[in-house]
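Asks: Pasting the sequence and the predicted model now:
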Amino acid sequence: MRVLEVLGICVGALFALVFLLFFRGRLLMVGGGTIRLQIRVSTLVPGRGWSPAIGQFAGGHLRIHRLFSFAVRPKRTLDRGATVVEDRRRPEGPERLTMPAHWVILRLATTLDEFEIAMAESTVTGFLSWLEAAPPGQPGSVAPRPVIRPHPLEP
């Protein structure tokens, strides 16, 4: 009987942990302003190291929470004014097995480091709009168009 009690407690604890993981994910998505993405946490093996995540927009920051984590704090926080998109590509090789074909991989550079995130094509459009909406002169924003004035000698 003792073995069955211990086994029952272990199974119950396992179910409680799985419930907490899913409850945490739902709790992060309740406030709105969230996107589904994947973040590359390891580059040791080419094409591997991707982890599902939830991105949460909060003013000028994007907080990236790993989906299967008990951490309360985000894995990464992107500052809109200090983030630049360096490259954009489709999944290649083993990456095509871990994410849908319509997803896009972005290589981002911040003032501290470079890393990659992946998201759906429609989400990329919104993310880039958010990134470019930074105040003028910030690295993530789009440079203003130059003013073209007529030459003074032309009639």
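Replies: Received the coordinates, thanks. Numbering: from 1, shown residues only.

Asks: other SSEs contacting the longest helix seen in the chain?
Replies: Scanning the chain for the helix with the most residues, using DSSP state H, yields helix 2-30. Helix 2-30 is packed against strand 50-58, with contacts defined by 3 or more C-beta pairs under 8 Å, 6 or more residues apart in numbering; DSSP states H and E. Heads up, the C-betas are built off the backbone N, CA and C, glycines and all.

Asks: Any buried residues in the strand it packs on, and which?
Replies: By 16 or more other C-beta atoms under 10 Å, the buried positions in strand 50-58 come out as 50-51, 53-57.

Asks: next helix or strand past that strand?
Replies: Note on strand 50-58: by DSSP states H and E, the next helix or strand toward the C-terminus is strand 61-66.

Asks: Go ahead and name everything in contact with that next one.
Replies: 28, 37, 39, 41, 51-56, 71, 74-80, 117, 127, 130 (C-beta atoms under 8 Å, 6 or more residues apart in numbering).

Asks: From residue 113, how far out is the residue lying closest to residue 91 once chain neighbours are set aside?
Replies: Distance criterion C-beta to C-beta, 6 or more residues apart in numbering; nearest residue to residue 91, sequence neighbours excluded, is residue 99 at 5.4 Å. Distance, residue 99 to residue 113, by C-beta to C-beta, to the nearest Å: 22 Å.

Asks: Comparing these two, which shows the higher neighbour count?
Replies: residue 99 (19 against 8; other C-beta atoms under 10 Å).
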